[in-house]
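**Student:** Give me the fold of what follows.
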Amino acid sequence: MAYKNWHQKAQVNMKLGDRVADSVSTGMGSWRFIIIQTIIIICWIGGNVWLVFHFDPFPFIFLNLAFSAQAAYSTPIIMMSQNRAAARDKTQAEHQYEHQEKELALNTQLTKDIHKLAEEIHTLVSKSKKG
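**Tutor:** Okay, here's the model as predicted:
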């Protein structure tokens with residue numbers, strides 16, 4: 001399969017775990033997640049304080065347990081996503097460096113060719129003035 005660029009190749013070659021980690025990381029780093037989690041916390045605390053349901057009274061030990069479990073799983077997932085982003089940035093930087101080196105070589109060669117042509121033109125003009 002032909003890829004248009006290095007990024008497309010990296011996206012196609014991602015494993016399922018990589019895709020899940022990126023999706024979870026993206027989801028947890030959104031306002032939607034913060035708003036939904038805040039609503040859940042308000043309902044949890046409000047329900048337990050006003051005795052709508054009384055399964056986790058103050059000091060909300062189950063809520064703290066849920067936060068601890070969420071942190072225990074979300075931190076490594078976010079770090080996996082960040083490591084992949086760093087590797088992607090490194091690949092992009094290497095690609096840009098290679099591209100710039102090719103451009104530099106081409107520009108150097110073009111500059112030499114232009115200089116050589118200028119010298120030849122100067123020589124021809126000098127000969128035509130003498131002759």
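**Student:** what's the single longest helix in this protein?
**Tutor:** helix 61-130 (DSSP state H).
**Student:** Mind giving me the packing neighbours of that helix?
**Tutor:** In this structure, helix 61-130 packs against helix 6-12, helix 16-28, helix 31-49, with contacts taken as 3 or more C-beta pairs under 8 Å, 6 or more residues apart in numbering; DSSP states H and E. (C-beta placed from N, C-alpha, C; glycine too.)
**Student:** pLDDT (mean, whole number) over the second one?
**Tutor:** In this model, helix 16-28 has an average pLDDT of 83.
**Student:** tell me which helix or strand of this structure sits lowest on mean pLDDT?
**Tutor:** Lowest on mean pLDDT, DSSP states H and E among the helices and strands of the chain sits helix 6-12, with a mean of 68.
**Student:** Look up how far residue 99 lies from residue 90.
**Tutor:** Noted for residue 90: a distance of 15 Å to residue 99, by C-beta to C-beta, to the nearest Å.
**Student:** Please apply the same query to residue 81.
**Tutor:** Residue 81 sits 27 Å away from residue 99, going by C-beta to C-beta.
**Student:** neighbour count winner among those two?
**Tutor:** Using other C-beta atoms under 10 Å as the criterion, residue 81 and residue 99 rank with residue 81 on top: 20 against 10.
**Student:** Find the residue closest to the more buried one in space, skipping its chain neighbours.
**Tutor:** Spatial nearest neighbour of residue 81, excluding adjacent residues (C-beta to C-beta, 6 or more residues apart in numbering): residue 25 at 3.7 Å.
**Student:** Can you get me a residue count around that neighbour?
**Tutor:** Neighbours of residue 25 under the rule other C-beta under 10 Å: 19.
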